[in-house]
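Asks: Give the three-dimensional model of this entry:
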Amino acid sequence: MTTAILSALPEEQSTLVHHLARPQRVTHAGRAFWTGDIEGRAVVLALSGIGKVAAATTATALIERFGVARIVFTGVAGGIGDGVQVGDVVVAEEYLQHDLDVSPLFPRWEVPGYARHRFVCDAGLTALLSGAASAFMTGAKGHFDSKNSLQATPGTSAPPRLHHGLVVSGDRFVSAADEVLRLRTALQDGGHDVLAVEMEGAAVAQVCHDYGVPFAAMRTISDRADDTAHVDFAAFVQTVASRYAEHIVLNLMRSL
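Replies: Down below sits the predicted model:
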């Protein structure tokens, strides 16, 4: 059974490629895929592309062309929920498209033809991913004050926290405080308590639902998706997000 590791960032993918046994690069649908083994398990590594359409195409190619049995997605996101801070990890339990609105034909955020607002991640695979994240974060706590720290929040040595819940996706980079407030308030009023926002996961969740392929996703929080964000994104990706993804994916592969 082949596992697809879908990365949002090139830095995440390049780190994982270094762990591949018998690596082979395959080009398909204008994308590069890496096949091989990690921890003795068959994998395909791919970059999602930016936005829902690109991510859906990549997910479809992984299923149709490579016949993957499961898809795991890693990347970064903006924190929206209470207590979700820079450097934390969110393991998605459900996904919703925050920019989908076909009203008045359908209720806001409902996906036409599905009679649902949310797509649920696979419970078993999500539990394994959560366990892999928890094991890494617990082991990393002792290293937060070192020179090569995994520290994420500038000026602090606080260890990261693990969250579980709803993540939303949309074809818009959410980065202003007033937009975050409007988005969060509208979703909460609709009964959707959101933890984080990004641009791809909900599309992959829908594709996996269509094909009956288990899906799980984790996102490292790179900013608070508002005007208070002061993190050097490039440095954060290199020193925090890519290392989180590397170690958590390795833990996951050992547990499969």
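
Asks: Can you list the residue ranges for helices in the stretch 51-200 of the chain?
Replies: 52-64, 123-140, 177-189 (DSSP state H, counting those that start in this stretch).

Asks: Of all those, which one is nearest residue 208?
Replies: helix 52-64 (6.7 Å; Cβ to Cβ). Quick note: C-beta positions are derived from backbone N, CA and C, even for glycine.

Asks: what comes up buried for that closest one?
Replies: 52, 54, 55, 56, 57, 58, 59, 60, 61, 62, 63 (16 or more other Cβ atoms under 10 Å).

Asks: Now pLDDT and distance to residue 16 too, for those, in TSV please.
Replies: As requested, these are exported to TSV (pLDDT from 0 to 100; distance: Cβ to Cβ, whole Å):
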residue	pLDDT	distance to residue 16
52	97	23
54	97	19
55	97	18
56	98	22
57	98	21
58	98	15
59	98	17
60	98	21
61	98	18
62	98	15
63	98	20
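
Asks: Centre of the chain to stretch 26-44, how far?
Replies: 18 Å (Cα atoms, centre = their mean, to the nearest Å).

Asks: just stretch 214-222 next, same as before
Replies: Per Cα atoms, centre = their mean, the centroid offset for stretch 214-222 relative to its chain is 3 Å.

Asks: Tell me how confident the model is about that stretch, as a mean pLDDT.
Replies: For stretch 214-222, mean pLDDT rounds to 95.

Asks: what does stretch 185-193 give?
Replies: Mean predicted confidence for stretch 185-193 is 94.

Asks: Out of the helices of the stretch 51-200 of the chain, which is the most enclosed?
Replies: helix 52-64 (a mean of 21; mean count of other Cβ atoms under 10 Å).

Asks: chain center to that one: distance?
Replies: 15 Å.

Asks: Begin at 797, not 1, for the rest of this chat.
Replies: From this message on, residue numbering opens at 797, which makes the last subject helix 848-860.

Asks: contacts for it?
Replies: Applying Cβ atoms under 8 Å, 6 or more residues apart in numbering, the contact partners of helix 848-860 are 800, 802, 824-825, 827, 829, 840, 842-845, 864, 867, 893, 965-967, 995-1000, 1002-1004, 1007, 1009.

Asks: Sort out for me which of those residues are in helices.
Replies: Among the contacts of helix 848-860, DSSP state H puts 997, 998, 999, 1000, 1002, 1003, 1004, 1007 in helices.

Asks: nearest to residue 978, of these?
Replies: residue 998 (18.7 Å).

Asks: closest to residue 871 out of the helices of the stretch 847-996 of the chain?
Replies: Per Cβ to Cβ, nearest to residue 871 of the helices of the stretch 847-996 of the chain: helix 848-860, 9.8 Å.

Asks: Now residue 823. Nearest residue, chain neighbours left out?
Replies: Closest residue in space to residue 823, ignoring its immediate chain neighbours: residue 829 at 7.5 Å, by Cβ to Cβ, 6 or more residues apart in numbering.

Asks: For the stretch 847-996 of the chain, give me the ranges with low pLDDT.
Replies: 936-954 (pLDDT under 70).
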